[in-house]
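Engineer: here are the coordinates; sequence isn't available:
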């Protein structure tokens, strides 16, 4: 940091997927969410960080790796299944190279996909020996990447009536972070940016220094924040810092209609050979149920608002990504210059996004990030990229403001996760939490099969609390799966509760459940006490 900057930019990526692992099936469709994210988002980001480090580019970026995501990254079964998945894609791309040899505009793209899939396999297997966490940890240890945590299973804290249940989400997350990343987390991404007064007390107990809220969580705080969202605030009773989202920079990136991802030169997500090509040709690459799915090979650009799509041209898309990175930087420079003069401080622009936007939904997104980080380093001196921890070290004196209860999403006050399609889950979740606390107090020093049963009950509660299930029910995609997952965890918890209190735990059934829902193997049920 030069010290001559006029302000700061905190680029924040929220990397999260729900815990999806089904050893009871040889092949399970929803596991593809994880495999696609590895190929299209996580490995491209790792390669960007590696490349920038090798070339001496001093970058800063903040990124959550949620406990469920870390658990999947470290799971041997899912590591094996990812290799099986990427090998199939390499085979498919190889066939496409042969099929498209007489159509140059598609042949070039087939060669591109074959190289990208082969490169993903090489990075995953040869460079990092299937341990992607080690790649992220390396960049954390250099100080360029700040990794933050999230609730254990992305549980939505404002709707947890039992305080011990909210505390367990945070404590389990902090312990899991330390196990995989070698230190305690300094910051947290609250699931869905869901904050309610009192959550900061639980964060302080876990040693967490800061969190993020949506814009109105800060602006509607009490007293009114002097600098809006352009400086963090301290929660009055805990001195845990809250950083607010900058709407202008966020919308410029994530909006498909008004933001960069909707540009007509970029790759069209929805046109995929899994739907475009002859069924018998793609059948070997589909799941056993035979339904057509996205296979990840897409040959068309967005083109326009109609169904007519022109062939994708990577060189033009790359040029547009560079142009958009320059435009984003220009806008942030002008924004910071204005705020610096208006507020009399060096403002911080907090720009958070879902990590999976970059590469999965917006194919050119990782290139955009790399261009932006390079331009921040080489092309200007107005903005210094910074992590939240660095900012708090540099500016430890902040205004005390009580943030308001808030979330992001529709209307900004929890409604997306509590409405007609999903409200039925909360009586079950709250009763499960109360019963888990009851069991913890009833059996404070369990061992043997009883201890295993109590630990598994805690896992089933945590998995049922994932906000992803309510989100899916609301959005209307994969609703059947979200219903099944929620009901399965409720059902397993209920059986465990009844078996525990009646001393009738079936060891064989418990082993099957432990193998299936094996998240947090070191979990101690007494975290609910």
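Structural biologist: Done, it's in. Predicted model, so just to flag it, every value in this text is computed and none were measured.

Engineer: so where do the strands sit in the stretch 151-300 of the chain?
Structural biologist: Counting by DSSP state E, counting those that start in this stretch, the segments of the stretch 151-300 of the chain that form strands are 187-189, 210-213, 233-234, 241-244.

Engineer: actually the chain, sorry about that
Structural biologist: 7-15, 61-65, 145-150, 187-189, 210-213, 233-234, 241-244, 348-354, 383-385 (DSSP state E).

Engineer: Next, the buried residues of the helix or strand of the chain with the lowest mean pLDDT.
Structural biologist: Using mean pLDDT, DSSP states H and E, the weakest-scoring helix or strand in the chain turns out to be helix 247-254, at a mean of 89. Residues of helix 247-254 classed as buried by neighbour count (16 or more other CB atoms under 10 Å): 249-250, 252-254. Where C-beta positions appear, they are placed from N, C-alpha and C, glycine not excepted.

Engineer: any idea which helix is longest in the protein?
Structural biologist: helix 314-343 (DSSP state H).

Engineer: Show me what the mean pLDDT comes to for that helix.
Structural biologist: Mean pLDDT, helix 314-343: 97.

Engineer: packing partners for that helix?
Structural biologist: strand 7-15, helix 104-121, helix 247-254, strand 348-354, helix 365-378, strand 383-385 (3 or more CB pairs under 8 Å, 6 or more residues apart in numbering; DSSP states H and E).

Engineer: For residue 291, find the nearest of these.
Structural biologist: Closest to residue 291 of the helices and strands packed on helix 314-343, according to CB to CB: helix 104-121, at 21.9 Å.

Engineer: between the closest one and helix 314-343, how many degrees?
Structural biologist: 70 degrees (axes from the mean of the first three to the mean of the last three CA atoms, to 10 degrees).

Engineer: Now render the buried residues of helix 247-254 as CSV, adding distance to residue 140.
Structural biologist: Below are the buried residues of helix 247-254 laid out as CSV (distance: CB to CB, whole Å):
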residue, distance to residue 140
249, 24
250, 24
252, 27
253, 23
254, 25
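
Engineer: Which of the strands of the stretch 151-300 of the chain sits closest to residue 435?
Structural biologist: strand 187-189 (26.5 Å).

Engineer: what sits up against the closest one?
Structural biologist: Contacts with strand 187-189, where a contact means CB atoms under 8 Å, 6 or more residues apart in numbering, come from 12, 14, 16, 62, 64, 66, 146, 148-151, 170, 173, 203, 208-212, 352, 388-389.

Engineer: Equivalent analysis for stretch 91-111, please.
Structural biologist: Contacts of stretch 91-111 (CB under 8 Å, 6+ apart): 113-114, 117, 273, 282, 285, 295, 297, 299, 311-312, 314.

Engineer: Show me which residues of that stretch are buried.
Structural biologist: Within stretch 91-111, the residues that qualify as buried are 92-93, 95-97, 100, 106-110, counting by 16+ other CB under 10 Å.

Engineer: For residue 320, see how far away the nearest residue to residue 289 once chain neighbours are set aside is.
Structural biologist: Spatial nearest neighbour of residue 289, chain neighbours left out: residue 29 (7.5 Å); criterion: CB to CB, 6 or more residues apart in numbering. Separation of residue 29 from residue 320 (CB to CB, to the nearest Å): 33 Å.

Engineer: Nearest to residue 194 among the buried residues of helix 247-254?
Structural biologist: residue 250 (17.1 Å).
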